[in-house]
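Chemist: Have a look at this fold, sequence not included:
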Ligand SMILES: [Zn+2]
C-alpha cells in the first residue's frame, strides 16, 4: 500500500513541499527480492519533494536519502551504504484511466477522448501546455496516475535502486579477504624447499640470536 501520497487538491494553491519518512517496513518491502535490506539500526530514510500542478500534470522534484545494507564487494561482509537519489518526475493522467469516479459510464465521446489522450501520451515531447515549466526531458521520469492522488512509492524505490553503488564497501579502506590468505604462499614456499637444503636451515637458526 502506498505510503507517500500526494493529493491533487492540495496542490491547487500552488507548489507544496512534502517530507516522507521511509519506515523500516517500507524499506523492507521496497527491497524485497533483492540481496539488500534495511540496516539493523539505521536512521529512517527521508524523501523530500516539492509537487506542483502543470496543467493536468503534476511535477515532482526532490531527493531521497536512505541507508541500505548490502554485501561488501571486497570482504563479502555486511556493508551499510548511504544512498542518495534525485527525484524528478512528471505525472500525467493515465490515458486508459476510467474517466474518473465522478463521471457516468463511458460514452462513445469519452472513448474518443481517451483515444486522443493515448495518442498524445505517446508523443515524446512535452505538450505546449507544459512549456511554461522548464523541463529537460532527458532526466525527467514520466509516470502516469489515476484518480485524484499520486503515489510516489514506486518512484522512490526505483530511484533508490538506480543509485545503489555497484561495488559497495563496508568501509573505504576495506582490505578485502586477500590479507587473510597472504601467509599461505610463504608456508607453501617453505614446504617446497629442496629437502637437501634443509640441514642448512637448521644450521642458520642458532646464529640468529
Ligand atoms: Zn569489506
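Modeler: That came through, no problem. In this text, all values refer to a predicted model and were calculated from it rather than measured experimentally. Numbers count the residues shown, from 1 in each chain.

Chemist: Return the set of residues that bridge with residue 70.
Modeler: Counting by DSSP bridges, residue 70 is bridged to residue 79.

Chemist: Would you map the helices across the protein?
Modeler: 24-31, 108-122, 153-163, 178-181, 183-191, 198-207 (DSSP state H).

Chemist: Give me the helices and strands touching the third one, please.
Modeler: Translated: helix 153-163. Packed against helix 153-163 by the contact rule (3 or more C-beta pairs under 8 Å, 6 or more residues apart in numbering; DSSP states H and E) you find helix 24-31, strand 57-71, strand 78-93, strand 141-145. No exception for glycine: its C-beta is placed from N, CA and C like everyone else's.

Chemist: For residue 159, find the nearest of those.
Modeler: Closest to residue 159 of those, according to C-beta to C-beta: strand 78-93, at 4.0 Å.

Chemist: hmm, that closest one in reach of the ion?
Modeler: No - Strand 78-93 stays clear of the ion (C-beta under 5 Å from the ion), getting no nearer than 6.1 Å.

Chemist: what mean pLDDT does that strand have?
Modeler: Mean pLDDT, strand 78-93: 95.

Chemist: Compute the inter-axis angle for that strand and strand 141-145.
Modeler: Here strand 78-93 runs at an angle of 60 degrees relative to strand 141-145 (axes from the mean of the first three to the mean of the last three C-alpha atoms, to 10 degrees).

Chemist: May I see the buried residues of strand 78-93?
Modeler: Neighbour counts over strand 78-93 (16 or more other C-beta atoms under 10 Å) mark 79-81, 83, 85, 87-93 as buried.

Chemist: Also stretch 24-39?
Modeler: Neighbour-count burial for stretch 24-39 [16+ other C-beta under 10 Å]: 26-27, 30-31, 36-39.

Chemist: Quick one: the residues you listed as TSV, columns for distance to the ion and pLDDT too.
Modeler: Output for the buried residues of stretch 24-39, formatted as TSV (distance: C-beta to the ion, whole Å; pLDDT from 0 to 100):
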residue	distance to the ion	pLDDT
26	27	95
27	22	94
30	24	95
31	20	95
36	16	94
37	17	94
38	19	93
39	15	92
